[in-house]
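Got a predicted structure plus its sequence, pasted below:
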Amino acid sequence: MSVSSHLEQLKRKHETLSQQVEEEQRAPGSSDFSIAEMKKQKLKLKEEINRLSS
């Protein structure tokens, strides 16, 4: 897998997680823990994207 295709895959995962976080935050009775976990995953993806981009 090339770096550019790996980057695109990471970006898609990041965007998917962003949408999931937004949906979870709007849902009544959503778990703060699950939202926090998704945000941590998003941050790790973002850091990996930044590392591979530079």
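It's in. Small disclaimer: the values here were computed from a predicted structure and weren't measured.

where are the low-confidence patches of this protein?
Of all residues in the chain, none has pLDDT under 70.

where do the helices sit along it?
3-26, 32-53 (DSSP state H).

angle of the last one against helix 3-26?
The one in question is helix 32-53. Orientation of helix 32-53 against helix 3-26 (axes from the mean of the first three to the mean of the last three C-alpha atoms, to 10 degrees) gives an angle of 160 degrees.

for helix 32-53, which positions count as buried?
Buried residues in helix 32-53, counted by 16 or more other C-beta atoms under 10 Å: 35, 38, 42, 45, 49. Every C-beta, even on glycine, is put in place using the N, C-alpha and C of the backbone.

Please state the offset of that helix from the chain centre?
Relative to the centre of its chain, helix 32-53 is centred 5 Å away, using C-alpha atoms, centre = their mean, to the nearest Å.

ok now do Gln20, which residues does it touch?
Met38 (C-beta atoms under 8 Å, 6 or more residues apart in numbering).

That one and Met1: what is the separation?
In this view, Gln20 and Met1 are 24 Å apart by C-beta to C-beta, to the nearest Å.

before we move on, what about Ser53?
16 Å.

State the number of residues packed around Pro28.
Counted with other C-beta atoms under 10 Å, residues neighbouring Pro28 total 4.

How about the backbone phi and psi for it?
Main-chain dihedrals, Pro28, degrees, to the nearest 10: phi -70, psi 140.

cool, and the one 3 residues further on?
In this entry, Ser31 is assigned phi and psi values of phi -80, psi 120 (degrees, to the nearest 10).

what sits against it?
Ser31 neighbours (C-beta under 8 Å, 6+ apart): Glu24.

I'd like the distance between it and Val21.
In terms of C-beta to C-beta, Ser31 sits 12 Å off from Val21.

How about Asp32?
12 Å.

next one: His14
Counting by C-beta to C-beta, the gap from His14 to Val21 is 11 Å.

list the residues that contact both of these two?
Lys42.

Turn the buried residues of helix 32-53 into CSV, including distance to Glu8.
Converted to CSV, the buried residues of helix 32-53 look like this (distance: C-beta to C-beta, whole Å):
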residue, distance to Glu8
Ile35, 26
Met38, 21
Lys42, 16
Leu45, 12
Ile49, 10
